[in-house]
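> quick one, what's the 3D model for this:
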Amino acid sequence: MVQGVGFRYYCFRQADALGICGYAKNLYNGDVEIEAEGAEGVLNEFVKLVEIGPKFSRVNSVSVIRLPYEGKNKEFSIL
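Alright, predicted model coming up:
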């Protein structure tokens, strides 16, 4: 559950710095869905950063589903 900690913007900044494309969006249940595309090593680093989260956040869990690369994202967006 995300409330007022800038989590999606944090994901955007980290993805931008790593050259990752995709998006972060809030879900109706309070979770955040992230779709990220990039090189495997860079994605692993991104997941580590997402697990930490921004300064005033607490990340309880992160679920990762690996899918084949589709190249459908040209940048990282906040939806």
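> for Glu35, helix, strand, or coil?
strand (DSSP: H, G, I helix; E, B strand; the rest coil).
> please apply the same query to Asn60.
Three-state call for Asn60 (three-state DSSP): coil.
> and it, how many neighbours does it have?
Residues near Asn60, counting by other CB atoms under 10 Å, number 6. The way it works is simple: take the backbone N, C-alpha and C, and place the C-beta from them, glycine included.
> cool, and the one 4 residues further on?
Other residues within reach of Val64, judged by other CB under 10 Å, total 11.
> what about it, distance to Phe56?
According to CB to CB, to the nearest Å, Val64 and Phe56 sit 24 Å apart.
> do the same with Lys74
31 Å.
> and for Gly38?
27 Å.
> same check, this time on Val47
Distance check for Val47 against Phe56: by CB to CB, it reads 20 Å.
> more neighbours, these two?
With neighbours defined as other CB under 10 Å, Val47 and Phe56 compare such that Val47 has more, 13 against 9.
> done for today, thanks.
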